[in-house]
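Predicted structure and sequence below. I'll ask about it afterward.
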Amino acid sequence: LLLGCELTASTKSYTFRVDEEDDSDHILALSVVCLTDGAKDECNVVEVIGRNHENQEIAVPVANLKLSCQPLLSLDNFKLQPPVTFRLAAGSGPVHLAGWHRIMNRENASFEEDDDLSEEDEEELPPIMPAKK
């Protein structure tokens, strides 16, 4: 499943959550962060807010974009575990974030044979993959 959101001066954050009752493993991968039409030539800092291994909330800057020198940043499918919040910590945007969300059913993965798993994984690949370098 593709994911996209836009952070602006009026919408400074976006939170991606999954249902806590869901028994699947969820992977959220961030591919690209870029300034979009209407952005000013100012520093736009995007933070990811999540939880560490001790379940403490942490905020980590992942991009510092400026129209004149770095309007786009490829994050090479930076993987995160939901829930996660993206926040525009500085600047007014608009900043577009794009990536994908993958759901893997724990129950099926533990009981399926290896041959079945490889076929299942092929079907669950994200629809858009980055170009090979």
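That came through fine. Since the structure is predicted, the reported quantities are computational estimates derived from the model, not experimental observations.

Tell me what Phe78 is bridged to.
Leu30 (DSSP bridges).

what about it, how many neighbours?
15 (other C-beta atoms under 10 Å). Every residue, glycine included, has its C-beta placed from N, CA and C.

Distance-wise, check it relative to Glu42.
According to C-beta to C-beta, to the nearest Å, Phe78 and Glu42 sit 24 Å apart.

Over to Gly50?
From Gly50 to Glu42 the distance is 26 Å (C-beta to C-beta).

Comparing those two, which residue is more hemmed in?
A direct count of neighbours by other C-beta under 10 Å for Gly50 and Glu42 places Gly50 higher, at 17 against 14.

Verify the stated contact: the more buried one with Leu80.
Yes: if you go by C-beta atoms under 8 Å, Gly50 and Leu80 touch, sitting 6.2 Å apart.

can you give me the strands for this structure?
Along the chain, the stretches classed as strands by DSSP state E are 2-7, 13-16, 24-35, 44-51, 57-65, 72-80, 84-90, 95-105.

Need the ones you listed in TSV (columns: mean pLDDT).
Listed next are the strands of the chain as TSV, based on pLDDT from 0 to 100:
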stretch	mean pLDDT
strand 2-7	88
strand 13-16	92
strand 24-35	90
strand 44-51	93
strand 57-65	94
strand 72-80	92
strand 84-90	95
strand 95-105	89
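
tell me which residues form a beta bridge with Val48?
Counting by DSSP bridges, the residues bridging with Val48 are Val60, Phe86.

ditto for Thr15
Applying DSSP bridges, one finds that Thr15 bridges with Thr85.

tell me the contacts of the residue positioned nearest the centre of the chain?
For the chain, the residue nearest the mean C-alpha position is Leu30 (3.2 Å; C-alpha atoms, centre = their mean). Contacts for Leu30 (C-beta atoms under 8 Å, 6 or more residues apart in numbering) come out as Val48, Val62, Leu75, Asn77, Phe78, Leu80, Leu97, Ala98, Gly99.

wait, the first one sits on Pro83?
Yep, that's Val48 we're talking about. No: contact criterion C-beta under 8 Å: Val48 and Pro83 do not qualify, at 11.2 Å.
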